[in-house]
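Colleague: Predicted coordinates and the sequence they were generated for:
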Amino acid sequence: MVKYSEEFKIKLVTEYLYGNFGYPSLAKKYNMPSSSPLKNWVSSYKAHGMDGLKRRKTRKEYSVQFKLNTIQFMLETGASYQETSDKFKMNNPSLINRWMKTFSEQGIEGLEPKSKGRPSMSKKPNNKKKDEKKLTREEELEREIELLRLENAYLKKLRAFRENPHASHEKHKQRWHSSLKKKDSD
């Protein structure tokens, strides 16, 4: 959903350029939380005319080289995101911000286009056993013993619970009461 319509942007930009209001007073007049978007709209309008205020209907794909050029320009000149977007005829300065962040975290690989949509279903079988390292016979036996011990402990607890299902509940009650008594004595 678009936060501000094109008509609204045009109205505010023309009111700023041909009126007697500054950024803060115009933002206040139209109940905007900040004057920053208005500054960006005016700058885009000055650089690109009406096209600077319009939202693109389709997403534009930028090459890795273009992204690197914008980042390099910004780093070398110290230009702001808005100034950089005006220089490269872009109407979305936050996109450059995203590129900068991705570049600093992932390098050039992060700027490459990513495949969209769901990955295709693979016909390959799951080869989890290949991923597991080969165990020696002794390690396999130790692993089996550990699994049997766990199973045995589980079955013992299950049998005890079946014989007296309330025993576990009573144990927790006793612990709870004894911890209350400790708190009261403190």
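Modeller: Cool, the structure landed.
Colleague: can you tell me which helix in the protein is longest?
Modeller: Longest helix in the chain by number of residues (criterion: DSSP state H): helix 137-163.
Colleague: Return the list of helices and strands in contact with it.
Modeller: Counting by 3 or more Cβ pairs under 8 Å, 6 or more residues apart in numbering; DSSP states H and E, the packing neighbours recorded for helix 137-163 are helix 167-185. Where C-beta positions appear, they are placed from N, C-alpha and C, glycine not excepted.
Colleague: Where does pLDDT dip in this structure?
Modeller: Applying pLDDT under 70 to the chain picks out residues 1-2, 56-59, 124-133, 168-186.
Colleague: Which segments of it make up each domain?
Modeller: For the chain, the domain assignment from automatic domain parsing gives the residue ranges 1-55, 58-113, 136-185.
Colleague: what's the closest of the ones you listed to Met121?
Modeller: Met121 lies closest, by Cβ to Cβ, to one member of the domains of the chain: domain 58-113, at 22.5 Å.
Colleague: Now do the closest one: distance to the chain's middle.
Modeller: Centroid separation for domain 58-113 versus its chain: 19 Å, with Cα atoms, centre = their mean, to the nearest Å.
Colleague: swap in stretch 111-118?
Modeller: Relative to the centre of its chain, stretch 111-118 is centred 15 Å away, using Cα atoms, centre = their mean.
Colleague: Please work out how many residues are found near Gly78.
Modeller: Residues lying near Gly78 (other Cβ atoms under 10 Å) number 8.
Colleague: Please renumber the chain so that the first residue is 24 from this point on.
Modeller: Got it, the first residue is 24 from now on, which makes the last one we talked about Gly101.
Colleague: gap between it and Gly130?
Modeller: For Gly101, the distance to Gly130 under the criterion Cβ to Cβ, to the nearest Å works out to 22 Å.
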